[in-house]
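>>> got a sequence here, can you build the structure:
(4 chains)
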Number of protein chains: 4
Amino acid sequence: MAGNSFGHIFKLTSFGESHGIAIGGVIDGCPSNVEIDLDKIQLDLDRRKPGQSKITTDRNEEDKVEFISGIFEGKTLGTPIAFLIKNKEQKSDDYDKLKGVFRPSHADFTYQNKFGIRDHRGGGRSSARETAVRVVAGAIAKQILSGIGISIHAYVSKINSVELTKSYFEIDANLIDSNIVRCPDDEVARKMISLIEQAKSEGDSLGGIITCFAKGVPVGLGEPVFDRLNADLAKAMMSINAVKGFELGSGFGSVNMKGSEHNDEFLPGGKTKTNFSGGIQGGISNGEDIYFNVAFKPVASIKKMQNTIDQNDNQVKLEVEGRHDPCVVPRAVPIVEAMSALVILDHYLRNQSSRMG
Amino acid sequence: MAGNSFGHIFKLTSFGESHGIAIGGVIDGCPSNVEIDLDKIQLDLDRRKPGQSKITTDRNEEDKVEFISGIFEGKTLGTPIAFLIKNKEQKSDDYDKLKGVFRPSHADFTYQNKFGIRDHRGGGRSSARETAVRVVAGAIAKQILSGIGISIHAYVSKINSVELTKSYFEIDANLIDSNIVRCPDDEVARKMISLIEQAKSEGDSLGGIITCFAKGVPVGLGEPVFDRLNADLAKAMMSINAVKGFELGSGFGSVNMKGSEHNDEFLPGGKTKTNFSGGIQGGISNGEDIYFNVAFKPVASIKKMQNTIDQNDNQVKLEVEGRHDPCVVPRAVPIVEAMSALVILDHYLRNQSSRMG
Amino acid sequence: MAGNSFGHIFKLTSFGESHGIAIGGVIDGCPSNVEIDLDKIQLDLDRRKPGQSKITTDRNEEDKVEFISGIFEGKTLGTPIAFLIKNKEQKSDDYDKLKGVFRPSHADFTYQNKFGIRDHRGGGRSSARETAVRVVAGAIAKQILSGIGISIHAYVSKINSVELTKSYFEIDANLIDSNIVRCPDDEVARKMISLIEQAKSEGDSLGGIITCFAKGVPVGLGEPVFDRLNADLAKAMMSINAVKGFELGSGFGSVNMKGSEHNDEFLPGGKTKTNFSGGIQGGISNGEDIYFNVAFKPVASIKKMQNTIDQNDNQVKLEVEGRHDPCVVPRAVPIVEAMSALVILDHYLRNQSSRMG
Amino acid sequence: MAGNSFGHIFKLTSFGESHGIAIGGVIDGCPSNVEIDLDKIQLDLDRRKPGQSKITTDRNEEDKVEFISGIFEGKTLGTPIAFLIKNKEQKSDDYDKLKGVFRPSHADFTYQNKFGIRDHRGGGRSSARETAVRVVAGAIAKQILSGIGISIHAYVSKINSVELTKSYFEIDANLIDSNIVRCPDDEVARKMISLIEQAKSEGDSLGGIITCFAKGVPVGLGEPVFDRLNADLAKAMMSINAVKGFELGSGFGSVNMKGSEHNDEFLPGGKTKTNFSGGIQGGISNGEDIYFNVAFKPVASIKKMQNTIDQNDNQVKLEVEGRHDPCVVPRAVPIVEAMSALVILDHYLRNQSSRMG
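Below you'll find the model as predicted:
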């Protein structure tokens, strides 16, 4: 039983290999009669695309989304929304050299062993190119959420050792896209960029942390005991390539606190004095801001020579010549936003049937 | 659309309020013809039960599981396995005082606002008592996994500031239950216990970290791109009461590494030299040990006086008199194991149909 | 992947073997804050129970439903509603004789071969006793539907060769339960009863047709292209023991009509002049009455001597001594109503998220 | 919660409006490493396409399927198989006249009222054009089933009053496609064709019955108590445009039989002497042939003048000028086969996890 669908009511099914004809998706369950601004979708795709700055891969892919169904005269029909993003022709020669090689910490080995076959070209289905599909679906979700007063923003809060020490409520969301590393503090951003440039020159890669926050989420989203809003956010984030960790609100830091410090005192009106809970209590949104951190490992694609094996179990030296990102974290910002939007909209729609009247 | 079921093939549906007649569950999709040792299930329930030691709540609940269906002459029938754990009669007077009060960082407020009604007695459905159901289902899953060579162990690796610095592969799993805090190092355990006793005496609560590892998981479990094994583990853990964070393998620490350090070199035979990946690559198990950390906040139930509001939005002082755990982390060890077992068995069964022949 | 759950939002999971401790169910997704009249549920159970009249089995089972969770002070909590119906102690001696025998047209053979094990006592999970669970869940659904103006009625329209020639809109629903065969026409009912009594005396069994109609269903229920309201009704009916056929509206009779005769002309206000469509067009309810027929075969349990085989593939003579129904159709009336209610309520709730605003 | 996906393990998601850019589908869960013969898929598409003979619509659409993903070097990858069938440019003028009109017994009215918007061109999503997607997915399923010894055939057994009186086991499956009406008896076929030609000349339409049978289905497919093989077949068939009824094995005819006549006696080896059960007992295949009938109403598109209303509730006269099928039943044969194949393959894969070992 495969796993290429996400969501229960607003449900995205993703398809496509990185070097096939196209990647794409189908959204089933998008509410009807909603106006969709296609330009805004393209904008998010552009935030994710390769080649957008000196700290990303030099590959310059123009990712254009084409809608096949489900939108009519600018509005959603309530029928499935299908869309394609064509893949550019790639020199498959580049990949034929790697055909039988298992790249370290990539998915070549696991796909080959799970399925007994794989499309070796550029990672095939396991390529992070697949996340462009999520960005399209998430951009639609963000527009619908925006219509009900919910906003979602993500930004880079750490690259390797360089950390933004401000909290999410101390930053200006308008500054996120003001620099190429998507850290809303110019000084910290400069340090991050410099670190990434150094890694690029070494043929190495760096990881980082993305912080995401949602404002305006009404009380009541989340379905205990298993489909808690936090549980579905965690799953969404951990389903993104290269993600190794997730923490909500106080997160791992909560371990060092006492209950008397950590409890969020209720104030009249139902707001809380502090928000260590991260906007979710008992798996259900409580009306406060939702915020969380997502840890990205340094990506596996590096230029440095590595030891590995091939499909015949021979030891081989691997030196990858392709153009890869020294750090994917800045490009992952719209992906984190997109997955957050998918989760929150799906739970918004799920909650429509929780009460009668 | 509610969320009280977990898993796709081995699917647990959980039910019950903490102070109703009983809690319980139904497992649909348990393979037939498997011998089940009921005593082993009870053993895990006993590891979770309240009142088991001086560092847990003093409430002494004897949680006995009763099977209603699906097991015949000691074997699974392939039909739904239903079971009940009766609730002990509780003095509801204890709870009537709290009837209209929203306890800080509890789910009283969110349940009331989501559903417009709640069973206020002891948290009702939001009580961690519900996790006993998971322990029963997980104990069955662990038995089936054991039959195919997969073992799962969890232990306490941190309580507040006291941390076990050994890695999971340096500890002796047989020592986990040798002390009441379930930390497999006696000296560290003593420090943890002392810390918890102090918090208890203060009427306060502490958080901690549980580390879990699975051995013998075959290559190939996990369903990209969304139902990755790591994504489903994250969701499983984040669905447990009081959990605030999850990290797989190198986790948040990976952020500080470079790709050249983090990549797991393949050795002949397909094993890897290091295992920063935590046994999962591209969302699919690679045959190495799977290991991860789960962060628990200090629980919200404390004896200290707190400020809060009631359902009529009046400010009130709250002083809880019930007997609560100063630290639930030791009792959560079997819950983490159980949820891990549910995820891994479900993915084992999902993988049965991934290839023909 | 097992199949003991029904519905997507209002979801029933059924469990239990006919001679185990109990049968029962869990409803996840029942909207909160709805008053439930438990007596009405019992009433429907009584309409299904064995031994209720001279034309049913002589077994006298008092099926009492006991609610475990999800209902608090008479109202639904929005949490899972679990319930049990205890099984009466049965002389298992009766069944030990049949232990290894495959009864013709029963599910003994298929269960044994699918699962490699079975509870042979009274059919175990394959017994129609399981449908009592559906009646309970359906009775809850009927109450909720009633609150939004939807009524559902079923009745016996044919027993073997005796047929009620009136259409569903010509009968008086109040008369359905006025006789033991549940045919709302006394003269036809008498003939049916006489036919069944004769079959009983011969140790044989009879089939029949149940007609069901729903009034007050709003326009818009049903989810094309696969989860059409008619498709889900068909599945629901075909999932009932002994059902062999389903037809909506004009059904098989439509084959003999021309399009110009069959088309339902729209009148101002959106009503239609005729209703050959049976209240559903393009898989979506159109506001007209929904009506359909369900064909039940003569049940497989008969007293007459039969040839068959046992588990060791030996030919054996089978003479069943138990007390069985000569005709289950009258007792199946509340089951048909229950399954209809589950489908319609589930689609009502599904439709809550089909539009924004 | 929308309903454009079918199946649980071999899961088809369908998309597309009849006059948009394309229709298409995504199959998630197709087992990997299976060779696919693309020509055979096109063959089934050609059996469904319009304009194939004098008794179908004169519209000549060349339906070509284009695969986007999931197949690599002729084999399935285990990743989602996405495909498109482009729509030919249609004169939208034809449809603008009908823009606001609700055609009788079509889905215009229900779509408009459910979604508040619709693509009026040619029925949009409600058009039977959508079934071409099912034929593609079903053709893949048939190939996989063929590899495990399962064959599926459907044919026309009745058109209006002309009926093939032979049973499914008396016909020669090779003759099904030997005539344009797909009835494997030339004399009966001639009468059917003549009847359809007459209806065409009158601008009217006819219904009919398709009989389908599957051979080689192993014992054990079907998941009680709800996802019985027969229940899922019924749902599959009732989800096809214009279908009004379904019956398995003895079907509605069983009502006239006694249990002693209807029971299928077991013979040594587990075969049965008769097969009134239609190859399914207790919801599970028993190894005998599976066979069933599907009733199609006369399609709603006729040339004759009709009375109806428009969106503003005005009475209007409707005279459709497009080229429509006088009888869709012959073209529906591959659709019935396709949906049967989807059900049986899905259950085959579901059954992989029903037992351990």
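>>> how close does residue A:310 sit to chain C?
36 Å (Cβ to the nearest Cβ, to the nearest Å). Placement of C-beta: from N, CA and C, glycine included.
>>> which strand residues bridge that residue?
Beta-bridge partners for residue A:310, by DSSP bridges, are residue A:101.
>>> low-confidence stretches in the stretch 101-250 of chain A?
Counting by pLDDT under 70, the stretch 101-250 of chain A contains no low-confidence range.
>>> packing partners of the longest helix along chain A?
Counting by DSSP state H, the longest helix found in chain A is helix A:329-350. Here helix A:329-350 touches helix A:38-48, helix A:131-147, strand A:151-159, strand A:208-215, helix A:229-238, strand A:290-296, going by 3 or more Cβ pairs under 8 Å, 6 or more residues apart in numbering or on different chains; DSSP states H and E.
>>> what's the angle from it to helix A:38-48?
Relative orientation of helix A:329-350 and helix A:38-48, computed by axes from the mean of the first three to the mean of the last three Cα atoms, to 10 degrees: 140 degrees.
>>> got the buried residues for helix A:329-350?
By neighbour count on 16 or more other Cβ atoms under 10 Å in any protein chain shown, the buried set for helix A:329-350 is A:329-350.
>>> same question for it, mean pLDDT?
Taken as a whole, helix A:329-350 has an average pLDDT of 98.
>>> quick one: that helix to strand A:290-296, angle?
Angle of helix A:329-350 versus strand A:290-296, following the same axes, to 10 degrees, is 140 degrees.
>>> need the residues of the stretch 251-357 of chain A near chain D, please.
residue A:349 (Cβ under 8 Å from any Cβ of the partner chain).
>>> pLDDT at the spatially closest residue to residue A:224 that is not a sequence neighbour, what is it?
The spatially closest residue to residue A:224, leaving aside those adjacent along the chain, is residue A:283, at 4.4 Å (Cβ to Cβ, 6 or more residues apart in numbering or on different chains). Residue A:283 carries a pLDDT value of 98.
>>> need the contact list for the residue in the stretch 201-350 of chain A positioned nearest to chain C.
Nearest residue of the stretch 201-350 of chain A to chain C (Cβ to the nearest Cβ) works out as residue A:349 at 4.1 Å. Contact analysis of residue A:349 by Cβ atoms under 8 Å, 6 or more residues apart in numbering or on different chains lists A:9-10, A:29, A:31, C:353, D:1.
>>> now with 10 Å, please.
Applying Cβ atoms under 10 Å, 6 or more residues apart in numbering or on different chains, we find residue A:349 in contact with A:7-11, A:29-31, A:144, A:221, B:1, C:352-354, C:356, D:1.
>>> just the buried ones from the residues you listed, in ChimeraX syntax?
Under the burial definition 16+ other Cβ under 10 Å, those of the contacts of residue A:349 that qualify are selected in ChimeraX by:
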select /A:7,8,9,10,11,29,30,31,144,221 /B:1 /C:352,353,354,356 /D:1
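>>> now do the helices in chain A.
Using DSSP H, helices in chain A cover A:38-48, A:93-96, A:108-115, A:131-147, A:186-202, A:229-238, A:259-262, A:329-350.
>>> most packed of those helices?
Comparing those by mean neighbour count (mean count of other Cβ atoms under 10 Å in any protein chain shown), helix A:229-238 ranks first with a mean of 29.
>>> say whether chain D is contacted by it.
No. For a cut-off given as Cβ under 10 Å from any Cβ of the partner chain, helix A:229-238 has no contacts with chain D; the smallest distance is 16.0 Å.
>>> quick check: angle from that helix to strand A:208-215?
Taking the same axes, to 10 degrees, one finds helix A:229-238 and strand A:208-215 inclined to each other by 140 degrees.
>>> and helix A:229-238, does that touch chain C?
No. On the criterion Cβ under 10 Å from any Cβ, helix A:229-238 is out of touch with chain C, staying 15.5 Å away.
>>> now that helix against helix B:108-115, angle please.
Using the same axes, to 10 degrees: helix A:229-238 against helix B:108-115 is 90 degrees.
>>> quick one, helix A:229-238 and helix A:131-147 angle?
Per the same axes, to 10 degrees, the angle that helix A:229-238 makes with helix A:131-147 is 150 degrees.
>>> wait, does helix A:229-238 make contact with chain B?
Yes. Shown here: helix A:229-238 in contact with chain B (Cβ under 10 Å from any Cβ) through A:229-238.
>>> which member of these is positioned nearest residue D:161?
The shortest gap between residue D:161 and any of these belongs to residue A:232, at 56.4 Å (Cβ to Cβ).
>>> hmm, the closest one is touching residue A:290, no?
No. Residue A:232 is not in contact with residue A:290 according to Cβ atoms under 10 Å; the separation is 11.7 Å.
>>> how about the contacts made by residue A:215?
Counting by Cβ under 10 Å, 6+ apart, residue A:215 touches A:149-153, A:168-169, A:173, A:279, A:288-291.
>>> quick check: it vs residue A:347, distance?
Distance from residue A:215 to residue A:347, counting by Cβ to Cβ, to the nearest Å: 16 Å.
>>> ok, and the closest non-adjacent residue to residue A:350?
In this structure, residue A:350 finds its nearest non-sequential neighbour in residue B:1, 4.2 Å apart by Cβ to Cβ, 6+ apart.
>>> same question, residue A:95
residue A:121 (4.4 Å).
>>> next, count neighbours for that neighbour.
Using other Cβ atoms under 10 Å in any protein chain shown, residue A:121 has 21 other residues around it.
>>> look up how far chain B lies from it.
Going from residue A:121 to chain B by Cβ to the nearest Cβ gives 15 Å.
>>> just the pLDDT for residue A:322.
pLDDT, residue A:322: 69.
>>> try the one 3 residues further on
Confidence at residue A:325, expressed as pLDDT, is 89.
>>> now it: closest residue in space that isn't a chain neighbour?
residue A:57 (4.6 Å).
>>> list the contacts for the one you found?
A:49-51, A:200, A:301, A:322-326, A:328, A:331.
>>> could you turn the buried ones of those into a ChimeraX selection?
Here is the ChimeraX selection string for the buried members of the contacts of residue A:57, based on 16+ other Cβ under 10 Å:
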select /A:49,50,200,301,324,325,326,328,331
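>>> ok, so of the contacts of residue A:57, who is nearest residue A:251?
Residue A:251 has its nearest neighbour among the contacts of residue A:57 in residue A:328, at 21.9 Å by Cβ to Cβ.
>>> surely the closest one is in contact with residue A:296?
Yes. The pair residue A:328 and residue A:296 qualifies as a contact (Cβ under 10 Å) at a distance of 6.8 Å.
>>> contact partners for residue A:245?
For residue A:245, the contact set (Cβ under 10 Å, 6+ apart) comprises A:209, A:234, A:237-238, A:251-252, A:293-297, B:234, B:245-255, B:292-293, B:295.
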